[in-house]
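Participant: Sequence isn't available, so here's the structure alone:
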């Protein structure tokens, strides 16, 4: 179960990076902000998951 949640966090980070890249090409600051928010949330979730597993 932990591995599945870690994979979901990694996919969320990849989706956030894709959002930032696409938002930069389209000159859309809102999409870039959503991408950054998604990355920050996924990293926070991953850190929380790692700390709880110990």
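Facilitator: Structure received. Since the structure is predicted, the reported quantities are computational estimates derived from the model, not experimental observations.
Participant: So which residue of this protein lies furthest out from the middle?
Facilitator: residue 54 (22.6 Å; C-alpha atoms, centre = their mean).
Participant: residues making contact with the strand or helix carrying residue 34?
Facilitator: According to DSSP states H and E, residue 34 maps onto helix 29-52. By C-beta atoms under 8 Å, 6 or more residues apart in numbering, the residues outside helix 29-52 that reach it are 2, 5-6, 9-10, 12-13, 15-20, 22-24. Bear in mind the C-beta positions are built from the backbone N, C-alpha and C, glycine included.
Participant: burial count for residue 43?
Facilitator: 14 (other C-beta atoms under 10 Å).
Participant: same question but for residue 35, I mixed them up
Facilitator: Around residue 35 there are 22 other residues, counting by other C-beta under 10 Å.
Participant: Okay, it and residue 48: tell me how far apart.
Facilitator: Residue 35 sits 20 Å away from residue 48, going by C-beta to C-beta, to the nearest Å.
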